[in-house]
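> quick one: sequence and predicted model below, then my questions.
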Amino acid sequence: MKRSIMLVAALICCVCMLAGCAGSESERQAGEYQKIKLIMTVNGTNIATDTKTALHFAEMVKEESHGNIVIDVFPNDQLAGGNMTKGVEMVADGAVDCAAYATSPMSVLDQKLLIGTIPWTFDNYQEARRVIDTTGGAYYAKLLKAQGLTYLASAHNGFRQLTNNKRAVRTPEDVSGLKIRVPGGEVYMRFFRTFGADPVAMSWGEAFTAIQQGTIDGQENGFSVTASAKVDEIQKYMTVWNYTYENYLFVFNTEIFDSLEPKTQDLLRRKAVEACEWGRDMVEANEKTLEDKFRNEGMEVTVLDSEQLAPFKTKISPMVEELKGKFGPEACEAFQIQ
């Protein structure tokens, strides 16, 4: 009898404990965000645009969730041993929760993600924003969904320029013979080969040393990326030609994202968009300042006007037409490429 009473008492205690847990869970769902820690990987240095934007995203999420949702950001592809291709594969496989990667490394999943990088697709940042925030973003989302990724938002990597240590580039002939680091991807490789250059695909983390050692002559990132990696300190010439636009895609592994509560998903979507807008504004505001900085440091900066750009565009026009055919009408329509 005594044993039976003790068993009943124990069962009652268990039920009360469970009821208490259920009550606290119900109360949390009514007002608080779920407590969770997420891992985010980015390719850039600690002060690069993608890293700054990712950190801003993490800060805003943490603030609005009152510390319940924490996103740890790992720059320089630390989690992938410095290999950006592996980093992309890690988020696609679910080894990492989320990421911010440029379309060039993301294209290992689907080459059509490079549609927006077709040379001189956009004339300015406002046009890029308008297209990507409507039909372009919807197209990214469709491609990424098929790869197990959920697209949240897009930030500027920026219009890409050219730096090198050989000579000022003012004509198509000036590009010939230059060994230029590119991020990989058909658009970049073919573009420089068209002008007789030797494009070298390598991880961005390797580029600084390769330039120092003379393994390559230069690289073709925008102002912000060039400055954040201090490449401006070891290059003599820059050509401002806005030859292609590239952006960072904020993505989540879909299986992981779908496992989150709807309220958490909504917060992540909203803050990703806000962070990317913040990042875009930062890139646009900094470019003139950085151009002046480069000049003051002794770099020879050549800005090509529309007349000077014309022979470059003429020379690559067959390549552009071929790429449009390869990517297809759906991609071209999404990015409003005629």
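Thanks, I have the structure now.
> state the number of residues packed around the residue nearest to G158 when sequence neighbours are not counted.
Once flanking residues are discounted, G158 sits nearest to G222: 3.0 Å by Cβ to Cβ, 6 or more residues apart in numbering. Heads up, the C-betas are built off the backbone N, CA and C, glycines and all. When neighbours are counted by other Cβ atoms under 10 Å, G222 registers 23.
> helices and strands around the helix or strand harbouring V61, which ones?
V61 belongs to helix 49-64 when assigned by DSSP states H and E. When contacts are defined as 3 or more Cβ pairs under 8 Å, 6 or more residues apart in numbering; DSSP states H and E, helix 49-64 packs onto strand 36-42, strand 69-74, strand 98-102, strand 149-164, helix 223-228, strand 237-253, helix 262-296.
> surely N83 is in contact with D77?
Yes - contact criterion Cβ atoms under 8 Å: N83 and D77 qualify, at 6.2 Å.
> which one of the helices and strands packed on helix 49-64 is the most hemmed in?
Sort these by mean neighbour count, taking mean count of other Cβ atoms under 10 Å, and strand 98-102 sits at the top with a mean of 29.
> from the chain's centroid, how far away is the helix or strand that that strand is followed by?
Following strand 98-102 in sequence order, the next helix or strand is helix 103-106 (DSSP H and E). In terms of Cα atoms, centre = their mean, to the nearest Å, the centre of helix 103-106 is found 8 Å from the chain centre.
> could you do stretch 164-184 as well?
The answer for stretch 164-184 is 24 Å, by Cα atoms, centre = their mean.
> still on that earlier bit, give the buried residues for the helix holding V61.
T49, D50, T51, K52, T53, A54, L55, H56, F57, A58, M60, V61 (16 or more other Cβ atoms under 10 Å).
> just give me the closest of those residues to N165.
Using Cβ to Cβ, T49 comes nearest to N165 of those, at 24.1 Å.
> and the closest residue to the closest one other than its chain neighbours, what does it touch?
Residue nearest to T49 in three dimensions, not counting chain neighbours: S224, with 4.7 Å by Cβ to Cβ, 6+ apart. When contacts are counted by Cβ atoms under 8 Å, 6 or more residues apart in numbering, S224 is found next to A48, T49, N157, G158, M282, V283, N286, E287, L290.
> so which of the residues you listed is the closest to S203?
Nearest to S203 among these, with distances taken as Cβ to Cβ, is A48, at 13.4 Å.
> nearest spatial neighbour of the closest one, skipping sequence neighbours?
A48 sits nearest to S228 (Cβ to Cβ, 6+ apart), 4.1 Å away.
> one step back: with pLDDT and distance to G298 as extra columns, can I get the buried residues of helix 49-64 in CSV?
Converted to CSV, the buried residues of helix 49-64 look like this (pLDDT from 0 to 100; distance: Cβ to Cβ, whole Å):
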residue, pLDDT, distance to G298
T49, 92, 24
D50, 94, 28
T51, 96, 27
K52, 96, 26
T53, 98, 30
A54, 98, 32
L55, 98, 31
H56, 98, 32
F57, 98, 36
A58, 98, 37
M60, 98, 39
V61, 98, 42
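> now, the most widely separated pair of the residues you listed?
T49 and V61, at 18.7 Å, using Cβ to Cβ across the buried residues of helix 49-64.
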